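In: take this sequence and fold it.
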Amino acid sequence: MELRKIAVIGAGTMGQGIAVMLASKGLDVLLYDKTPELLGQSVEAIEAHLDRQMERWALTRQEKKLILSRLHKVTDMEALAECQLAIESVTEHFETKQRLFIELDRILPPDAILATNTATLSLTLLASRLVYPDRTIGMHFLHPAGQIRMVELVRGMNTSEETFARMRRFAEQVLDKESVQVYESPGYVTTRLICVLINEAIHALLEGVASAEDIDKAMKLGYDFHYGPLEMADRFGLDSVLASMEALFLEFGDVKFRPNTLLKKTVRSGRLGVKTGRGFFQYTDGGERI
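Out: Sure, this is the predicted structure:
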């Protein structure tokens, strides 16, 4: 079955990025969140993002209109019943995601696919109480979803060959992304590796080895990184980085995943990175480094 009507559950930063990416590929997107207020704020953020793209000549006014015309705000989950694919991108909290999986399993038709964007939680465990666990898959996008040409497709213990094959075709032929096959493991490939790098960069900063500016400069110029590890963390959201590291540390018990105390203190202070305008660096409302 062709995947043309897609539900995106969770209209936060990642959900917004996924929704815009899908709509830009000509797909109808039902963007779900709990309240009209949250959805309204999310659509405003999407419009502001598209306006910045227009200012950079990366998008035309007509393309912006087409993208917005394909985005449909939804607060009643029953309205997702005709979707052929649902991608959840809610908070990294197991009970919340599992409740959502159970509800979607009831609402979606049996041949629809249920995907999660989680980076650290067990897909097999999330799907353990479903009627159709074989149609579940991990679809881990990196931020910004529309610009990164790679997606991790994660196979749980119950993911069927048909589900995986359909999503690989969808990722490569519709979304124009390279897919990486990953077998379920906390952090997969990308999150597992990048969290260690970010944490080590924070250790270097705390120890006074170099300034935040010079740590990032060394990695950008020395290893051709687009962003250095500290700015990368700011763009991911320092609270998200901390949550990922705590989940990896809990799962593996390895000290290399233990979050640095400076990361914890920065999150507690409310400096979460780009989303709050300040993390290891400062940012404008449009997300540009100051």
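In: which residues does the one helix or strand residue 103 maps to contact?
Out: Using DSSP states H and E, residue 103 maps to helix 94-107. With contacts defined as CB atoms under 8 Å, 6 or more residues apart in numbering, helix 94-107 is touched by 7, 9, 77-78, 80-81, 86, 88, 90-91, 114, 116, 118, 121, 125-127, 129-132, 136. In short, each C-beta sits where N, CA and C put it, glycine included.
In: show me where the chain dips below the pLDDT cut-off.
Out: Where the chain drops to pLDDT under 70, the residues are 1.
In: what segments of it are helices?
Out: 13-24, 36-55, 61-69, 94-107, 123-126, 161-169, 190-206, 212-223, 229-236, 238-252, 261-268 (DSSP state H).
In: please work out which of the ones you listed is packed deepest.
Out: Among the helices of the chain, helix 229-236 has the highest mean neighbour count (mean count of other CB atoms under 10 Å), at a mean of 25.
In: got the angle for that helix vs helix 212-223?
Out: 100 degrees (axes from the mean of the first three to the mean of the last three CA atoms, to 10 degrees).
In: any idea how far helix 229-236 is from the chain center?
Out: 14 Å (CA atoms, centre = their mean, to the nearest Å).
In: send the alpha carbons of that helix over as CSV?
Out: Taking C-alpha atoms only, helix 229-236 is exported to CSV below (Å, rounded to 0.1, in the frame of the first residue of the first chain):
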residue,chain,number,x,y,z
PRO,A,229,30.0,19.0,19.6
LEU,A,230,29.0,21.8,22.0
GLU,A,231,26.9,23.7,19.4
MET,A,232,25.5,20.4,18.2
ALA,A,233,24.3,19.7,21.8
ASP,A,234,22.8,23.2,21.9
ARG,A,235,20.9,22.4,18.7
PHE,A,236,19.7,19.0,19.9
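In: hey, what's the angle from it to helix 13-24? Just curious.
Out: Using the same axes, to 10 degrees: helix 229-236 against helix 13-24 is 70 degrees.
In: what's helix 229-236 packed up against?
Out: Counting contacts by 3 or more CB pairs under 8 Å, 6 or more residues apart in numbering; DSSP states H and E, helix 229-236 packs against helix 190-206, helix 212-223.
In: wait, which of those is closest to residue 146?
Out: Smallest distance to residue 146 across those (CB to CB): 16.6 Å, for helix 190-206.
In: return the alpha-carbon coordinates of the closest one using CSV.
Out: The C-alpha coordinates for helix 190-206 follow below in CSV (Å, rounded to 0.1, in the frame of the first residue of the first chain):
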residue,chain,number,x,y,z
THR,A,190,24.2,7.8,15.9
THR,A,191,22.9,8.7,19.4
ARG,A,192,25.3,6.2,21.1
LEU,A,193,28.4,7.6,19.4
ILE,A,194,27.5,11.3,19.5
CYS,A,195,26.5,11.3,23.2
VAL,A,196,30.0,10.1,24.1
LEU,A,197,31.6,12.8,21.9
ILE,A,198,29.5,15.5,23.4
ASN,A,199,30.0,14.4,27.0
GLU,A,200,33.8,14.3,26.4
ALA,A,201,33.7,17.8,24.9
ILE,A,202,31.9,19.0,28.1
HIS,A,203,34.6,17.2,30.3
ALA,A,204,37.3,19.1,28.3
LEU,A,205,35.4,22.4,28.9
LEU,A,206,34.9,21.7,32.6
